[in-house]
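Visitor: predicted coordinates and the sequence they were generated for:
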Amino acid sequence: EYNPPGRRTDKVGLLLDTKGPEVRSGDVIDKIPLQAGDDFTFTIDRTSVIDPLVEKKVTVNYDGFLDDVQVNDVLLVDGGMLSLQVREITDTEARCVTLEGGLFGSRRHLNVQGRSANLPAITEKDWEDLQFGVDEGVDYFALSFVRDAQVIVEVKQWLAERGAEISIIPKIESVDAVRNLDEILDAADGAMVARGDLGAELPVEEVPLIQSEIVNKCNQQGKPVIVATNMLESMIQNPTPTRAEVADITVAVREGADAVMLSGETANGKYPMKALEVMAAAAQRVPWELAPGPNTPFCTPPNNLNVNVMPIRQVPVLPEVGDSSRDELTTHLIAYNATNLANTLQVPIVVFTRSGFMASLLSHFRPRKQVFAFTNNPKVASRMSLYRGVHALLMDFTEDKVETQAVAIKMLQEQGHVMSGDQICLLSAGFNKIWRKTPEQGISFYTVE
């Protein structure tokens, strides 16, 4: 619906968010009012008849719930909107006392503070949703409640068997995921900082530090990272955000996030379009010099030349394993130096790609100006929408390199991205050579006529 021919010049990427294994309470007839000190019971006996006028009790959808909780554990409802402490555990019930009260509604999300539930990594419902995503041709899967790399490997193998090119973005939202962060990022194609459940399982003061760690590690690996949850929470009900929420968006962009994401604000909020406009304005307002800041450990110091150059990220250290490693290093160096040159001249970069790899590399180095990435693959164009600073455009490649470049530049002129007299940086590089008769890789500059 959003990507038909002629509707827009770029492509909107589609991300399918799995429900994941989670612990939820059952239905209640009416919301149950709880005050601090009130007794409350969770039961795994879903056949029991509960009289809300007699006892404050709800069922739980997970039979192993009582094995995962211990006396004195703190249970958080919906990420901490209510909290209860376990006082007694029987064969079928966890009897609690309310610490922080409120209204307890149907199908509330439950967490044990400081621990992850021992649920299966992926549910039958998740497999059904993944198949739906394959059938509909989505670009990304966001896997909920990932605890280690194994589920990512399993889903990637499942996708390979179906010939589906869909990238995996694990949601980091549990204690186990933080503990196994490095192996998860190695196996994944990016990551999402899902701060809601993360703040339920860990002390809230730890969440900003973990967010920074996840963003930095994704940046260093050149993998896209999304910061999500509670970014404009007040706009679910109000037409304007709090100033702290706007600052939160700015911090995420400055830290190096490739994308920031709305949740309840657009899913069930009163002002979905306005929330989107606020988020876009706040993210785009951050100056390039501050995104990411020059003092990050993967930056080089500015040179002493009298030119307007800011630090950019270093080329990753690559293993020395024959010609393939040399080719990869060459590609990295071309992207790195193209960024340096384009930043010095303050000009946009134009690249042609079949796989999107070079566009992702350029995004990693964070050029000052826009990267216009042309591809002949609609799936690649959609996937590149997640790469920060990259504007993906779809076009047919001809056998003639010069002709294809001329058509691309004309397209940019017609869409108002460049004007006559502008200079652009043209990149010819990457593993999959588009023009086999001209195998050279290099950087050139072109003045638009």
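Guide: That came in fine, so what should we check first? Numbers count the residues shown, from 1 in each chain.
Visitor: in the stretch 51-200 of the chain, where is pLDDT below threshold?
Guide: Nowhere does the stretch 51-200 of the chain drop to pLDDT under 70.
Visitor: again, 80 this time
Guide: Scanning the stretch 51-200 of the chain for pLDDT under 80 picks out the ranges 51-54, 79, 115-117.
Visitor: again with the stretch 201-350 of the chain
Guide: Across the stretch 201-350 of the chain (using pLDDT under 80), the flagged ranges come out as 289-330.
Visitor: the longest helix belonging to the chain: how far from the chain's middle?
Guide: Using DSSP state H, we find that the single longest helix of the chain is helix 322-345. Mean-position distance between helix 322-345 and its chain equals 26 Å (Cα atoms, centre = their mean, to the nearest Å).
Visitor: buried ones in that helix?
Guide: 328-329, 331-332, 334-336, 338-343, 345 (16 or more other Cβ atoms under 10 Å). From N, CA and C alone the C-beta is placed, and that goes for glycine too.
Visitor: SS state for the residue most central in space within the chain?
Guide: Nearest residue to the geometric centre of the chain (Cα atoms, centre = their mean): residue 226, 2.7 Å. Under the three-state scheme (DSSP: H, G, I helix; E, B strand; the rest coil), residue 226 adopts strand.
Visitor: ok, back up a step: what's the longest helix of the chain packed up against?
Guide: For helix 322-345, the elements it packs on are strand 349-352, helix 357-365, strand 423-428, strand 442-447, judged by 3 or more Cβ pairs under 8 Å, 6 or more residues apart in numbering; DSSP states H and E.
Visitor: at 7 Å what do you get?
Guide: Using 3 or more Cβ pairs under 7 Å, 6 or more residues apart in numbering; DSSP states H and E, the elements in contact with helix 322-345 are helix 357-365, strand 423-428, strand 442-447.
Visitor: keeping just the C-alphas, turn that helix into CSV.
Guide: Provided in CSV are the C-alpha atoms of helix 322-345 (Å, rounded to 0.1, in the frame of the first residue of the first chain):
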residue,chain,number,x,y,z
GLY,A,322,43.6,-13.9,1.6
ASP,A,323,42.1,-12.0,-1.3
SER,A,324,38.5,-11.8,0.0
SER,A,325,39.7,-10.0,3.1
ARG,A,326,41.7,-7.6,0.9
ASP,A,327,38.6,-6.9,-1.2
GLU,A,328,36.5,-6.2,1.9
LEU,A,329,39.2,-3.9,3.3
THR,A,330,39.3,-2.0,-0.1
THR,A,331,35.6,-1.5,0.0
HIS,A,332,35.7,-0.2,3.6
LEU,A,333,38.5,2.2,2.7
ILE,A,334,36.6,3.5,-0.4
ALA,A,335,33.6,4.2,1.8
TYR,A,336,35.7,5.8,4.5
ASN,A,337,37.6,8.0,2.2
ALA,A,338,34.5,8.9,0.1
THR,A,339,32.9,10.1,3.3
ASN,A,340,36.0,12.2,4.2
LEU,A,341,36.1,13.8,0.7
ALA,A,342,32.4,14.4,0.6
ASN,A,343,32.5,16.0,4.1
THR,A,344,35.4,18.2,3.1
LEU,A,345,33.5,19.5,0.0
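Visitor: sorry, back to before: kindly compare burial across the helices and strands packed on helix 322-345 and name the winner.
Guide: The highest average neighbour count among the helices and strands packed on helix 322-345, using mean count of other Cβ atoms under 10 Å, belongs to helix 357-365 at a mean of 25.
Visitor: got the CA coordinates for that helix in CSV?
Guide: Provided in CSV are the C-alpha atoms of helix 357-365 (Å, rounded to 0.1, in the frame of the first residue of the first chain):
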residue,chain,number,x,y,z
PHE,A,357,26.1,-3.3,1.3
MET,A,358,27.9,-0.1,0.2
ALA,A,359,25.0,2.0,1.4
SER,A,360,25.2,0.4,4.8
LEU,A,361,28.9,1.1,5.0
LEU,A,362,28.4,4.7,4.1
SER,A,363,25.7,5.0,6.7
HIS,A,364,28.1,3.6,9.2
PHE,A,365,30.6,6.4,8.5
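Visitor: next SSE after it?
Guide: Sequence-wise, the next helix or strand downstream of helix 357-365 (DSSP states H and E) is strand 371-375.
Visitor: tell me the strands beside that next one, with direction?
Guide: Strand 371-375 has the following strand partners under DSSP bridges: strand 349-352 (parallel), strand 390-394 (parallel).
Visitor: which of those sits most buried?
Guide: strand 349-352 (a mean of 25).
Visitor: show residues contacting that one.
Guide: Strand 349-352 is contacted by residues 338, 342, 358-359, 362, 367, 371-374, 397, 404, 408, 424-427, 434 when judged by Cβ atoms under 7 Å, 6 or more residues apart in numbering.
Visitor: same thing with stretch 206-217?
Guide: Applying Cβ under 7 Å, 6+ apart, the external contacts of stretch 206-217 come out as 172, 178, 181, 185, 191, 193, 195, 198-199, 225, 227, 255-257.
Visitor: so which of the residues you listed is the closest to residue 57?
Guide: Distance to residue 57 across the contacts of stretch 206-217 (Cβ to Cβ) is lowest for residue 199, with 26.9 Å.
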